[in-house]
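Undergrad: Based on what follows, work out the 3D shape:
(chains A and B)
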Amino acid sequence: MRNRVVEVIVALLAVLVLSSALMAQERAPRAVPPGYVTAGVPKMPNPPGPAPKHDLTGAWVGPIMTVMGPYPDMTPAGKAVFNLNMPVPEAGRQAPDAPQNVAATNDPFMICDPLGVPRDLLNHAISMRGGIVFQPAGNRMLMLFEQQRVWREVWMDGRQLPAKVDAPGAPDSRFYGYSVGHWDGDNTFVIDTAGLDPRTWIDERGHPHTKDAHLQERWTRLDQYNLEATVTVDDSKFYTKPFQLMKTNYYWMKDQEFEETLCVPSEAIEYRDKLAKPSGWAPGDAPAK
Amino acid sequence: MKTKLVILASIAGLLAISCPTFAHHGAAAYDMSKPVVLKDAVITQFAWINPHPLIKADYKDDKGNVQHWIMEMGSTPASQLIGWSRTSLKPGDVVTLYVWQAKTGLPVGRFNKVVFADGKVMRDTQTGADNGGRADTGVGR
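TA: Below is the predicted model of the structure:
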């Protein structure tokens, strides 16, 4: 029976390999990379050791093999904002013979507005699998992001999240919100976040959130080199029920060293004006043909 | 048996992360059916920028008209991992460029590959980024 199962798996993988190879051939056969382990970095043990207790310290690369959603139905208010984020093509904006299935984007990151959370966890907006460092710092956990070189502070001193923001006597909403964290068992770090600035998107499709959204991240270290993350969103004004936004994996970064991965406004504006607009997918007038 | 399953799972993982992908925007704007070939194009600028580097080149068509092309490629971190750097292309380089042109018909698009005068070829990242090069994706999964 087990042999039969393995045979089926092998057959499926063979089909995947073949289709992948054909796809690559049609599009662009790519060079085999020479390997990227920095000289002097010790070879990783295989299999990996067990996950150390209460310890995520280090640089992790990801996300990889991310599953988004499923998303629940949106409320009318949420749907209205979502439609604004991803507008249909504007009549007359594109060249007359341009396809009408190319939607312009209102992505705030087009000109380097902050990604915020949870979108920064997706990382690949520009770096394609960037990195996150977890670094304990006294009564808080710091999360350092390769992309944009921003950081989050996750407080572990027992403080409460703000009950509301942007109200008299209440703190301001923030792109990265307010976060508190605790350990659940030996290997799962739980982060609760509130007070998010509603200008950010929760994903790259433009799904919106309100300032009352509540996020919960669960970071589980599966073993020495594997980290699993799930993110749930509770935002009853825009979504009809709480939902799991993403489940994904991060891996131990071999060389533990980040590139400088910045969205530079002057560069992003050049990219938008010189490439995205003429290509028909950024708002604004494309130059005449 | 366990070893075999680990190997199979590793292959599946690599396949999953090797799927063609574009960063924060789709490929719908580009005609991916056949690349345009710009033979003997002259590089005018290689802008090593985010969110995507831009290759700018002049190409003289059959009628002698000079077209000013701009094309994007994979992000800088992903491109670095397959050998690209800020100096991979220099103004004045005479090369052959392959590009998926925008459906708008303007001389813009997604870079596919470049063939240098000495025959050396450098490609885009579009069939996958680092292919797990920065991570041990095959370890223990």
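Undergrad: which residues of chain B fall in helices?
TA: All helices of chain B, identified by DSSP state H, fall at B:2-17, B:76-80.
Undergrad: Worst mean pLDDT among those?
TA: Mean pLDDT is lowest for helix B:2-17 out of the helices of chain B, coming in at a mean of 39.
Undergrad: So A:D113 versus A:P242, what's the distance?
TA: To A:P242, A:D113 is 26 Å away according to Cβ to Cβ, to the nearest Å. In this view, the C-beta of every residue, glycine as well, is placed from N, C-alpha and C.
Undergrad: Doesn't A:M110 lie inside a helix?
TA: Yes. Applying DSSP: H, G, I helix; E, B strand; the rest coil, one finds A:M110 inside a helix.
Undergrad: ok, how many other residues are close to it?
TA: Here the number of neighbours of A:M110 (other Cβ atoms under 10 Å in any protein chain shown) works out to 19.
Undergrad: for A:V133, same thing?
TA: Neighbour count of A:V133, defined by other Cβ under 10 Å: 18.
Undergrad: ok, B:L89 touching B:I55?
TA: Yes. The pair B:L89 / B:I55 is scored as a contact, 6.3 Å apart, by Cβ atoms under 8 Å.
Undergrad: Could you tell me which residues touch both of these two?
TA: B:I43, B:F46, B:V114 (Cβ atoms under 8 Å, 6 or more residues apart in numbering or on different chains).
Undergrad: from these, which are also near chain A?
TA: Applying Cβ under 8 Å from any Cβ of the partner chain to these, one finds that nothing falls near chain A.
Undergrad: Tell me the one of those residues nearest chain A?
TA: B:V114 (11.5 Å; Cβ to the nearest Cβ).
Undergrad: Report how many residues lie close to the nearest residue to B:T87 once chain neighbours are set aside.
TA: In space, and not counting its chain neighbours, B:T87 is closest to B:F46: 8.0 Å by Cβ to Cβ, 6 or more residues apart in numbering or on different chains. The tally of other residues near B:F46 (other Cβ under 10 Å) stands at 21.
Undergrad: Could you do B:L89 as well?
TA: By the criterion of other Cβ under 10 Å, B:L89 has 24 neighbours.
Undergrad: Tell me where chain B has strands.
TA: Along chain B, counting by DSSP state E, strands occupy B:36-47, B:54-60, B:66-72, B:94-101, B:108-115, B:121-123.
Undergrad: one step back: any chance of JSON lines for the shared contacts of B:L89 and B:I55, columns pLDDT?
TA: Formatted as JSON lines, the shared contacts of B:L89 and B:I55 follow (pLDDT from 0 to 100):
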{"residue": "B:I43", "pLDDT": "98"}
{"residue": "B:F46", "pLDDT": "97"}
{"residue": "B:V114", "pLDDT": "94"}
